[in-house]
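> Give me a model of this one.
(one chain, ligands or ions: 1)
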Amino acid sequence: MLQDRLANHLKNVITIDVEDWFHVCGCEPETPPDRLPGRVRPNVERILGLLGEFEVAATFFMLGSLAENDPALVPMIAEAGHEIASHGYSHRLLTRLGSDEFKRELQLTGDIIERQSGKRPVGFRAPQWSLKMSDSWAYDILHEEGYLYDSSLNPLPLVGDGSGPRFPFRIRTGKGDVLEIPPMVTTTPAGNLPTGGGWGFRFFPLWMIRSTISRYNLSGAASILYLHPREMEKDGPRLPLPPLRNFATYGTRAEAGGRLRNLLGNFRFQTMEQLVTSWQSA
Ligand SMILES: [Zn+2]
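You can find the predicted model right below:
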């Protein structure tokens with residue numbers, strides 16, 4: 001079908017927020033995270049295996065503290081041809097950090113990633129979508145620190161802004177622009193649904209996710225998907241969270257890997273940096 005051919009022409013982006021199973025904002029465990037057994041490495045290896053099978057390059061938003069604790073992780077991802085971007089250092093919400101600490105975390109994580117991969121990151125995603133469009137101070141800092149794009153504004157009710165833009169746009173700072181690239185959502189009369197990642201990616205029917213990607217592509221836009229390493233491990237450990245939060249964080253994890261495989265086989269992908277660079281040269 002012509003529509004499928006048109007849709008297949010456009011490249012989408014898979015992003016992975018590289019954090020551990022206990023990095024759940026607002027529900028920090030009593031035991032310090034660095035004393036809990038980590039599960040990132042085997043799950044990142046699962047994701048790398050799948051991406052490698054389909055020869056797809058993805059964008060990994062790396063938590064600085066995690067890269068520091070496991071210095072082989074970033075080189076392993078970068079050597080497989082993927083982009084390393086920043087997910088901050090501590091996984092604390094931006095609202096708790098304030099401007100000085102945000103800048104310090106950004107620089108620290110940038111230094112670690114540069115030391116380990118040979119390249120400074122140009123993309124950022126805030127822990128749990130905790131950046132708001134009105135946080136001009138944060139965009140000023142991102143631009144000052146050399147970031148080309150941010151992917152923290154989720155057009156969803158509760159976790160983001162349900163009426164926010166669904167497609168990429170420019171945020172103007174005093175000194176230049178930062179590109180804002182929101183994750184994919186499915187629009188419905190009842191509001192936007194999180195089909196691009198998290199519990200929605202694992203819960204809603206696969207056809208809904210696939211048709212949303214096709215619709216984005218037919219309208220000339222790339223869809224941005226997101227995944228966490230903990231979603232690749234069906235029986236992995238869980239923090240004791242309230243029931244809804246537990247489901248959103250850990251529920252239906254068996255679905256994530258199979259769905260990723262299906263999408264890798266049916267759509268085209270590139271990294272976020274490649275997407276941004278293609279706009280700049282267009
Ligand atoms: Zn996160």
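
> Please tell me how far residue 159 sits from residue 126.
Note on residue 159: its distance to residue 126, by Cβ to Cβ, to the nearest Å, is 11 Å. In this view, the C-beta of every residue, glycine as well, is placed from N, C-alpha and C.

> of the two, who's got more company?
residue 126 (28 against 14; other Cβ atoms under 10 Å).

> Skipping its backbone neighbours, what lies nearest that one in space?
residue 152 (4.0 Å; Cβ to Cβ, 6 or more residues apart in numbering).

> Let me see the contact set for residue 116.
67, 71, 74-75, 78 (Cβ atoms under 8 Å, 6 or more residues apart in numbering).

> Kindly recompute the last result at 7 Å.
Contacts for residue 116 (Cβ atoms under 7 Å, 6 or more residues apart in numbering) come out as 67, 71, 74-75.

> Make a markdown table out of these and add secondary structure, distance to residue 246 and pLDDT.
Putting the contacts of residue 116 into a markdown table (DSSP: H, G, I helix; E, B strand; the rest coil; distance: Cβ to Cβ, whole Å; pLDDT from 0 to 100) gives the following:
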| residue | secondary structure | distance to residue 246 | pLDDT |
| --- | --- | --- | --- |
| 67 | helix | 27 | 96 |
| 71 | coil | 32 | 96 |
| 74 | helix | 30 | 98 |
| 75 | helix | 34 | 98 |
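
> ranking these by neighbours, who comes first?
Ranked by neighbours (other Cβ under 10 Å), the contacts of residue 116 are led by residue 67, which has 27 neighbours.

> Check the contact between it and residue 112; I expect there is one.
Yes: if you go by Cβ atoms under 7 Å, residue 67 and residue 112 touch, sitting 5.0 Å apart.

> phi, psi of residue 125?
With angles defined as degrees, to the nearest 10, residue 125 sits at phi -130, psi 130.

> do the same with residue 154
Dihedral angles for residue 154 - degrees, to the nearest 10 - are phi -100, psi 120.

> just checking, it touches residue 183?
Yes: between residue 154 and residue 183 there is a contact at 5.6 Å, judged by Cβ under 7 Å.

> And the strands in this protein?
With strands called from DSSP state E, the chain shows them at 11-18, 59-62, 83-86, 123-124, 149-150, 169-172, 177-180, 186-188, 191-193, 224-227, 268-269.

> Give the full set of residues in contact with the closest residue in space to residue 103 that isn't next to it in sequence.
Computed as Cβ to Cβ, 6+ apart, the closest residue to residue 103 that is not its neighbour in sequence is residue 141, at 5.0 Å. Counting by Cβ under 7 Å, 6+ apart, residue 141 makes contact with 99, 102-103, 106.

> To what extent is the residue in the stretch 151-282 of the chain positioned nearest to the ion buried, counted in neighbours?
At 7.0 Å from the ion, residue 228 is the closest residue in the stretch 151-282 of the chain, using Cβ to the ion. When neighbours are defined as other Cβ under 10 Å, residue 228 has 23 of them.

> which residue packs closest to it, ignoring adjacent ones?
residue 17 (5.3 Å).

> how near is the one you found to the ion?
Noted for residue 17: a distance of 4 Å to the ion, by Cβ to the ion, to the nearest Å.

> could you point out the longest helix in this structure?
helix 94-117 (DSSP state H).

> in the stretch 101-250 of the chain, which segments are predicted with low confidence?
In the predicted model, the stretch 101-250 of the chain carries no residue with pLDDT under 70.

> can we see that at 80?
234-241, 243-250 (pLDDT under 80).

> Tell me, how many residues neighbour the one residue in it that gets nearest to the ion?
Closest residue of the stretch 101-250 of the chain to the ion, Cβ to the ion: residue 127 (4.5 Å). Per other Cβ under 10 Å, the neighbour tally for residue 127 reads 25.

> dump the residue contacts of the nearest residue to it once chain neighbours are set aside.
Leaving aside its sequence neighbours, residue 127 sits nearest to residue 91 (Cβ to Cβ, 6+ apart; 4.7 Å). If a contact means Cβ under 7 Å, 6+ apart, then residue 91 has 19, 23, 25, 63, 127 as its contacts.

> and what of residue 256?
Residue 256 neighbours (Cβ under 7 Å, 6+ apart): 201-202, 227, 231-232.

> From the ion, how far off is the nearest residue to residue 222 once chain neighbours are set aside?
Spatial nearest neighbour of residue 222, excluding adjacent residues (Cβ to Cβ, 6+ apart): residue 12 at 5.0 Å. Separation of residue 12 from the ion (Cβ to the ion): 21 Å.
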